[in-house]
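build me a model:
(2 chains)
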Amino acid sequence: MMGWFVKGLRGRRLTTRYPRAPEPPPAAHRGRALLDPSRCNPQDGAPCTEACLPRALRLDEHGALELDAARCIACGLCVAACPEGALTMDADAELAVFDRASLIVRAKGRS
Amino acid sequence: MSALPRPLRRSIHIRHVDAGSDGAIEHEIAALLSPYYDMHRLGFFFTASPRHADVLLVTGPVTRPMVEPLQVTYEAMPDPRIVVAAGTDACSGGIWDGPEVLGGVDRVLPVDVYIPGDPPPPIALLHGLLLAAGRIEPAPPPRLPEGLR
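Numbers count the residues shown, from 1 in each chain, chains lettered A, B, ... in the order given. Sure, this is the predicted structure:
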């Protein structure tokens, strides 16, 4: 028991200093999918929408791709499905927002 | 759609309600009490009574039997009160669909802070709680990695 006490005194502080210091996300953490609207070209039925289980990715009535981060379960299947490479996974964990609408990203539609 | 007023920001009591969660986020919430994250140092405490709570932390896609308990809990809380939807399920229903789930806390209660993530790690929960407390600013919209430009 004394050994643990000495070890505790010698060791550094264990507790994170968040939010005063930035905290790296957990290893191999997938926070959300990021959509690059400039590269998105949803023709041929947009394979990412078929790979997306919770329907976070869908085509709206104008044929534009819509990514709803509030529905995304961060599985990463859309990244492999996208032929243009417009989707990536982001490890960021600080994603909380005040309004639901700011979680939705739209790519420009084909007209 | 707002944070707690200034005099109430330093000591915040949280009532957690599981509205049909799969249990993943409960593990992340339990980790907030661990020595590593230690949310007590920031003035966050869990309370068993909604009468003592400032923040209602809801997880799960809101199953039909949990609608009334959620409303009763919300009505028992004193003003000002904040509702935090934690996890993809609570934000929108996520993968859950059908007549058994309502698909998101905002179908029942006015949600103030959304924490996406399936499940959100403890840091994401701390970020959302600090945002609800008005002690940090919301994160800026994401910048795409360099390789994508």
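
list the residues that contact residue B:124.
Listed by Cβ atoms under 8 Å, 6 or more residues apart in numbering or on different chains, the contact partners of residue B:124 are A:31, A:93-96, B:115, B:117. Every C-beta, even on glycine, is put in place using the N, C-alpha and C of the backbone.

the longest strand seen in chain B and chain A in contact?
Taking DSSP state E as the criterion, chain B has its longest strand at strand B:12-18. No - against chain A, strand B:12-18 shows no contacts by Cβ under 8 Å from any Cβ of the partner chain, the least distance being 14.2 Å.

in that strand, what's buried?
B:12-18 (16 or more other Cβ atoms under 10 Å in any protein chain shown).

now do stretch B:55-63
Neighbour-count burial for stretch B:55-63 [16+ other Cβ under 10 Å]: B:55-62.

can I get these in a markdown table with secondary structure and pLDDT?
Formatted as a markdown table, the buried residues of stretch B:55-63 follow (DSSP: H, G, I helix; E, B strand; the rest coil; pLDDT from 0 to 100):
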| residue | secondary structure | pLDDT |
| --- | --- | --- |
| B:55 | strand | 93 |
| B:56 | strand | 94 |
| B:57 | strand | 94 |
| B:58 | strand | 94 |
| B:59 | strand | 94 |
| B:60 | coil | 91 |
| B:61 | coil | 92 |
| B:62 | coil | 92 |
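
the residue of chain B at minimum distance from chain A sits in which helix or strand?
Using Cβ to the nearest Cβ, the single residue of chain B nearest to chain A is residue B:128, 3.4 Å away. Assigned by DSSP states H and E, residue B:128 belongs to helix B:122-132.

centre of the chain versus that helix, how much separation?
Offset of helix B:122-132 from its chain centre (Cα atoms, centre = their mean, to the nearest Å): 8 Å.

ditto for stretch B:98-111
With Cα atoms, centre = their mean, you get 14 Å for stretch B:98-111.

which other residues reach it?
Here stretch B:98-111 makes contact (Cβ under 8 Å, 6+ apart) with A:70, A:100, B:1, B:19-20, B:56, B:58, B:61-64, B:67, B:70-71, B:74, B:83-85, B:90-93, B:96-97.

brilliant, that's me finished.
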